[in-house]
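S.K.: Attaching a predicted model along with its sequence, questions to come.
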Amino acid sequence: MTGVYTLHGLDPSPYSVKMRGLLRYRRIAFVWDNTGSPRDIAVAAGLPPVIPVLRFPDGRLMNDSTPLAWLLEQEHPGERSIVPDDPALAFLSDLFEDFGDEWITKMMFHYRWYYAADRAFAQSWIINARDPVMEETARQKAMKAFNDRQVGRMALVGCTEQNRPTIEQSYRFVIETLDRHVRSVPFLLGSRPCLGDFGLFGQLQILSIDPTPAAEMRALAPNLFVWLIRLEDASGVEGTWADAADPLPETITLLLKHMGETYLPFLAANARAVRNGTEKVELTLLGRDWAQAPFRYQAKCYDALCKKWQGLPVAARQQLDPVLEEAGCHHFIG
């Protein structure tokens, strides 16, 4: 397909910067439209009220970053693909993308709306991104309204006082482990970024700017901080995938083990709660009680992940079986 896309998003939106980085890396011509309210564009088009919204050269509008990434793979085949050629590595890429989109997003939401300094900064950044010259009375009103809306949603996404220690412990583990990884391997699965890299990037890029998590990242994971700057525009990166026959780096196996202790058991428990119609997801993560309301979209994500596993060639599943078994992940997706 020829022509120019338009990406309607905002700088403070993790999924917007995820798609922007992805389009830049793939060298797909697009205009970055970060004015006004991209959410209104989605609603007017009859789409779910989420951003970013991608306008295709033929006028189609679509949102939700994961389906968008896959549709771009279909419409621009072979052009700096973000899906590894090897099916086992491609599955790991999908796993990391979902980990970013559905678990690290809890960290992003928690830090942004829990601490007073972060709430104050987020209000200003988000409303300024929509309209940098808004009249001051209207600006203050808009900031308060957005703050109140987001703080009111914290429990819905699991960002509660009870869950706070688990979220913050998980954040520190992830950034410290990724910090070690990017000192020896440029990206997750080789010297070129995969979809999983962009799934992590979207959330972590916001965490690298919001005051409290940014301070932690600069103190604990400075190499990761620089990696995020590099991935912001990786249009000049040329690289190769890792050899699928080689052992995975220790840092990747540690992150998989962490998924087996946090994100995957949560997804499984959430899916059961949705399926059974129960009002609360309750389980133990990192030795602490976790509770939140079930989240229907994440049940869909879990179902999609399990189906991808079942759809893998037998050889790819056999290749990953011992790795995922060792990490404690196999039970949840096998």
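M.R.: Okay, I see it.
S.K.: Am I right that residue 68 is in contact with residue 19?
M.R.: Yes: here residue 68 reaches residue 19: they are 6.3 Å apart, a contact under C-beta atoms under 8 Å. Any C-beta I mention is one placed from the backbone N, CA and C, and that applies to glycine too.
S.K.: joint contacts of the two?
M.R.: The contact sets of residue 68 and residue 19 overlap at residue 54 (C-beta atoms under 8 Å, 6 or more residues apart in numbering).
S.K.: Between those two, which is the more surrounded one?
M.R.: residue 19 (28 against 21; other C-beta atoms under 10 Å).
S.K.: who's in contact with the strand or helix carrying that one?
M.R.: Secondary structure from DSSP states H and E places residue 19 in helix 14-26. By C-beta under 8 Å, 6+ apart, the residues outside helix 14-26 that reach it are 5, 7, 9-11, 30, 32, 34, 38, 50-52, 54, 65, 68-69, 72, 76, 79-82, 101, 105, 108, 193, 195, 198-199, 201-203, 205-206, 231-235, 237.
S.K.: Now, the residues you listed that are in helices?
M.R.: Using DSSP state H, the subset of the contacts of helix 14-26 located in helices is 38, 65, 68-69, 72, 105, 108, 195, 198-199, 201-203, 205-206, 231-232.
S.K.: Can you say which of those are buried?
M.R.: Among the ones in helices among the contacts of helix 14-26, those that count as buried by neighbour count (16 or more other C-beta atoms under 10 Å) are 38, 65, 68-69, 72, 105, 108, 195, 198-199, 201-203, 205-206, 231.
S.K.: Now do the strands in the stretch 51-200 of the chain.
M.R.: 53-55, 61-63 (DSSP state E, counting those that start in this stretch).
S.K.: quick one: average confidence on the first one?
M.R.: Right, the one you point to is strand 53-55. The average pLDDT within strand 53-55 is 97.
S.K.: for stretch 267-281, the distance to its chain's centre please.
M.R.: Centre-to-centre, stretch 267-281 and its host chain are 22 Å apart (C-alpha atoms, centre = their mean, to the nearest Å).
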